[in-house]
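Chemist: okay, predicted coordinates and the sequence, questions at the end:
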Amino acid sequence: MADKVVLAYSGGLDTSVAIRWLKEKYKLDVIALNVDVGNERDSSAIRQKALDIGAVKALVEDAKELFVNYFIFPALQADALYEGQYPLATALARPLMAKLLVDAAIKEGASVVAHGCTGKGNDQVRFEVGITALAPSLKIIAPAREWGMTREESIAYAQKYGIPVPVTAESPYSVDENLWGRSIECGVLEDPWTEPPEEVFSWTRSPKDAPEEPCYVEIGFEKGIPISLDGRETDGVALIQELNKVAGEHGVGRIDHVENRLIGIKSREIYEAPAATTLLVAHKALEAMTLTKDQLRFKEKVASEYADLMYNGLWFTALHRDIAAYVESTQRYVTGTVRVKLLKGNASVVGRKSPKSLYSFRLATYDKGDEFDQSASLGFIHIWGLPVKTQAQIQGWRSLGLPVGTQAQIEGAEQTEDSLAEDKE
Ligand code: ARG
């Protein structure tokens with residue numbers, strides 16, 4: 001009996017070709033595993049396609065809820081954006097797929113797992129580091145990294161073996177999508193000077209064709225997790241799906257990013273992430289109300305660490321666990337409602353409220369009811385400015401970093417331009 005391999009199967013050209021290729025080259029029985037992370041495809045058609053191509057078994061796993069609760073929402077709580085731009089849709093889905101691949105391999109008694117990633121991207125790293133962390137003894141095969149076929153050659157291979165080549169395979173773009181966003185690469189996008197043609201977008205309307213009238217959404221959060229839309233309690237998956245629709249209608253969430261891949265190259269990536277973009281701005285706005293300045297400053301640093309960890313395939317690590325515990329702790333009071341205005345490609349926060357808000361009207365107001373003791377500022381400024389004053393007095397105007405030529409206006413400046421010129425020599 002042939003050994004078994006569980007293949008992460010998307011239904012696309014590469015993984016379809018891989019079913020046949022694994023059989024030919026390694027004489028393995030292929031079990032195709034399709035993980036549904038919200039890519040809006042027809043699961044039963046994908047299953048049937050895998051079987052038609054020659055898989056001995058085809059599994060479909062609906063992982064949308066797992067994905068939202070254990071991957072997307074923690075990343076939202078962390079405010080994770082890779083290099084300040086990419087909400088990490090593809091990156092977050094990979095460790096989940098790695099976990100489900102390992103589970104299936106154990107259940108099916110397979111000693112090998114396979115994925116469709118090439119040798120140039122981040123996804124191979126995320127899959128393999130994840131798989132190795134969970135099941136070090138599993139053998140991993142990456143057909144698309146091994147076979148050395150160009151896209152044309154893969155299409156020819158598919159045609160030779162009667163593997164259906166979808167019309168979309170003629171599209172020059174490589175697309176990956178899930179609930180948190182859509183990633184688009186290749187084709188004309190590889191020229192960073194070329195504006196992305198309208199055809200690469202499918203979740204977002206062009207801002208120029210978006211409605212002239214804004215749409216307002218009210219997002220309710222509890223401990224940093226979105227739980228309602230416009231006052232209606234909504235479960236995570238539905239909430240994200242709905243936001244992808246409305247925000248996408250208004251052209252929100254297009255991202256054009258030249259990013260640094262883990263394997264050392266820069267690549268130009270286009271993303272569509274209407275729900276992620278909207279939720280991330282809303283969540284940050286609520287944090288601005290409920291966390292102190294110091295908490296916010298520190299959390300920002302953690303956010304970039306967190307994003308790097310996710311991007312770099314280090315989900316299954318103790319450092320991730322530690323950082324996740326910190327993030328969760330910060331969310332204790334991040335409860336409230338944020339009002340977002342969606343208009344012509346922008347998601348702007350126009351209102352926020354929280355029962356645990358640190359914003360105090362009585363302290364902030366310039367009107368009647370002001371309780372801020374303005375006379376106390378005098379002493380505060382005296383002490384705050386003390387080291388500055390001391391340094392200026394003892395070390396002179398140069399220690400203040402003044403532009404050359406302005407020192408003469410400083411009272412007590414003890415050096416002239418001439419003596420500065422001498423110093424320079
Ligand atoms: N550059 C992004 C990342 O590394 C997106 C990758 C898209 N993957 C794909 N197979 N098209 O997360």
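Modeler: Cool, the structure landed. Numbering: from 1, shown residues only.
Chemist: what about Arg321, which helix or strand?
Modeler: helix 318-330 (DSSP states H and E).
Chemist: contacts for the next helix or strand after that helix?
Modeler: Sequence-wise, the next helix or strand downstream of helix 318-330 (DSSP H and E) is strand 336-343. For strand 336-343, the external contacting residues (CB atoms under 8 Å, 6 or more residues apart in numbering) are 210, 213-221, 228, 246-247, 249-250, 252, 278, 281-283, 285-286, 289-290, 347-357. (Each C-beta comes from the backbone N, C-alpha and C, glycine too.)
Chemist: just the buried members of these?
Modeler: Neighbour counting with 16 or more other CB atoms under 10 Å marks 210, 217-221, 246-247, 249-250, 252, 278, 281-283, 285-286, 289-290, 347, 349, 352, 354, 357 as buried within the contacts of strand 336-343.
Chemist: can you flag which of those belong to helices?
Modeler: Val246, Ala247, Glu249, Thr278, Val281, Ala282, His283, Ala285, Leu286, Met289, Thr290 (DSSP state H).
Chemist: for these, could you give me JSON lines that also reports distance to Ala325 and pLDDT?
Modeler: Below are those laid out as JSON lines (distance: CB to CB, whole Å; pLDDT from 0 to 100):
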{"residue": "Val246", "distance to Ala325": "34", "pLDDT": "98"}
{"residue": "Ala247", "distance to Ala325": "31", "pLDDT": "98"}
{"residue": "Glu249", "distance to Ala325": "38", "pLDDT": "98"}
{"residue": "Thr278", "distance to Ala325": "27", "pLDDT": "99"}
{"residue": "Val281", "distance to Ala325": "25", "pLDDT": "98"}
{"residue": "Ala282", "distance to Ala325": "24", "pLDDT": "99"}
{"residue": "His283", "distance to Ala325": "18", "pLDDT": "99"}
{"residue": "Ala285", "distance to Ala325": "24", "pLDDT": "98"}
{"residue": "Leu286", "distance to Ala325": "21", "pLDDT": "98"}
{"residue": "Met289", "distance to Ala325": "23", "pLDDT": "98"}
{"residue": "Thr290", "distance to Ala325": "19", "pLDDT": "98"}
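Chemist: and the furthest pair within these?
Modeler: Glu249 and Thr290 (29.9 Å; CB to CB).
Chemist: now stretch 197-217: buried residues?
Modeler: Going by 16+ other CB under 10 Å, stretch 197-217 has these buried residues: Val200, Phe201, Trp203, Thr204, Arg205, Ala210, Val217.
Chemist: closest to the ligand among these?
Modeler: Distance to the ligand across the buried residues of stretch 197-217 (CB to the nearest ligand atom) is lowest for Val200, with 12.2 Å.
Chemist: who's in contact with the closest one?
Modeler: Contacts of Val200 by CB under 8 Å, 6+ apart are Tyr173, Ile184, Gly187, Leu189, Ile270.
Chemist: and the stretch 151-300 of the chain, which of its residues are near the ligand?
Modeler: Ser174, Asp176, Ser183, Glu185, Glu269 (CB under 6 Å from any ligand atom).
Chemist: got phi/psi on the second one?
Modeler: For Asp176, the backbone dihedrals (degrees, to the nearest 10) come out as phi -130, psi 130.
Chemist: what's the burial count for it?
Modeler: Counted with other CB atoms under 10 Å, residues neighbouring Asp176 total 19.
Chemist: for it, what are its contacts?
Modeler: Ala89, Thr90, Asp123, Arg182, Ser183 are the contacts of Asp176 under CB under 8 Å, 6+ apart.
Chemist: swap in the third one?
Modeler: Residues in contact with Ser183 (CB under 8 Å, 6+ apart) are Ala89, Thr90, Val175, Asp176, Glu177, Glu269, Ile270, Tyr271.
Chemist: what is it paired to in the beta sheet?
Modeler: Assessed by DSSP bridges, Ser183 has beta-bridge partners Asp176, Tyr271.
Chemist: measure it to Arg94 for me?
Modeler: 12 Å (CB to CB, to the nearest Å).
Chemist: again, but for the second one
Modeler: In this structure, Asp176 and Arg94 are separated by 10 Å, where distance is defined by CB to CB.
Chemist: which two among the contacts of Val200 are spaced furthest apart?
Modeler: Taking CB to CB as the measure, these span a maximum distance of 10.2 Å, between Gly187 and Ile270.
Chemist: got the contact list for the residue in the stretch 301-425 of the chain positioned nearest to the ligand?
Modeler: Using CB to the nearest ligand atom, the closest approach of the stretch 301-425 of the chain to the ligand is made by Tyr311 at 6.5 Å. Tyr311 makes contact with Tyr82, Tyr86, Leu88, Ala91, Asn122, Leu262, according to CB under 8 Å, 6+ apart.
Chemist: count the neighbours of the nearest residue to Asp370 once chain neighbours are set aside for me.
Modeler: Nearest in space to Asp370, with sequence neighbours left out and distances taken as CB to CB, 6 or more residues apart in numbering, is Arg362 at 7.1 Å. Neighbour count of Arg362, defined by other CB under 10 Å: 9.
Chemist: okay, and Arg362 sits in which element?
Modeler: Going by DSSP H and E, Arg362 is part of helix 361-364.
Chemist: pLDDT on that helix, on average?
Modeler: Mean pLDDT, helix 361-364: 92.
Chemist: hmm, back to that, now tabulate the contacts of Tyr311 in CSV and tack on neighbour count.
Modeler: Listed next are these as CSV, based on neighbours: other CB atoms under 10 Å:
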residue, neighbour count
Tyr82, 21
Tyr86, 23
Leu88, 25
Ala91, 26
Asn122, 20
Leu262, 17
